[in-house]
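Engineer: Pasted the sequence and its predicted model underneath.
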Amino acid sequence: VDGFLRGLEADSLHLLVNRWFMHGKLTHRQSSTPANLRGDLFAHGDLEPFPEELRIAQERVNLAVTELSRRVAQLRGSVSLEPPMLAVYPGEGARYCFHFDSLASAETSPTRPSRACTLILYLNPFWSPRHGGQLRLYPSCAPTPDCSPPEGAAFVDVEPRHGRLLAFLCGGQNPHEVLPAWQPRMAITWWLRLKSF
């Protein structure tokens, strides 16, 4: 959705993420992910109380989730929205190699149901293709033993344009990668989990 956030709302949120980045509030990778596979800096789960800029975005995402739950069969029923993750790929070719956001068997438990949908809000004013950082989505790929896209697999590149919201199903589908970013590339990601009763 282009223009999910516009003007001052998108700009203010960009400045918030940039401030966190410049002040060292974003950390490097998860300990279980090697640095050569994932090059972003992020903060996840420790953002409350939300700053005003993020609260506005959160309210909009909550409305989008309500609409997705109504329109997308795989999200019908009860879903919960994870806290947002602020992320910056700092440039210099930082990337995130081919991966799935959710493989049900790897992270599902009765108290932590599987991720079902990824939502990414891009915050990159004046982005151009030479900046890199596009998300390459492989909509028809299944999990592979070596966690790489099959040769010749069809893909779609999504440009990380300022204020754009991308949503895709992720429960064992839609693997993707972040192509090398040559300028800082900022985004906020939310995941929807299906609640089990």
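Structural biologist: Yep, it's here.

Engineer: which residues in the chain form helices?
Structural biologist: All helices of the chain, identified by DSSP state H, fall at 7-22, 52-71, 104-107.

Engineer: List just the one of the ones you listed that sits closest to Gln134.
Structural biologist: Nearest to Gln134 among these is helix 7-22 (17.9 Å), distances taken as CB to CB. For glycine as for every other residue, the C-beta is placed from the backbone atoms N, C-alpha and C.

Engineer: quick one: contacts of that closest one?
Structural biologist: Residues outside helix 7-22 that contact it (CB atoms under 8 Å, 6 or more residues apart in numbering) are 5, 26, 41, 43, 51, 53-54, 56-57, 86, 88, 90, 121, 123-125, 162-163, 184, 186, 188.

Engineer: Buried ones in it, by neighbour count?
Structural biologist: The neighbour-count check on helix 7-22 (16 or more other CB atoms under 10 Å) flags Ala10, Asp11, Ser12, Leu13, His14, Leu16, Val17, Trp20, Phe21 as buried.

Engineer: what's the answer for stretch 117-137, then?
Structural biologist: Here stretch 117-137 shows 117-124, 127, 131-137 as buried, counting by 16+ other CB under 10 Å.

Engineer: Return the members of the contacts of helix 7-22 classed as buried.
Structural biologist: 5, 26, 41, 43, 53-54, 57, 86, 88, 90, 121, 123-124, 162-163, 184, 186, 188.

Engineer: among the residues you listed, which are in strands?
Structural biologist: Leu41, Ala43, Leu86, Val88, Leu121, Met186, Ile188 (DSSP state E).
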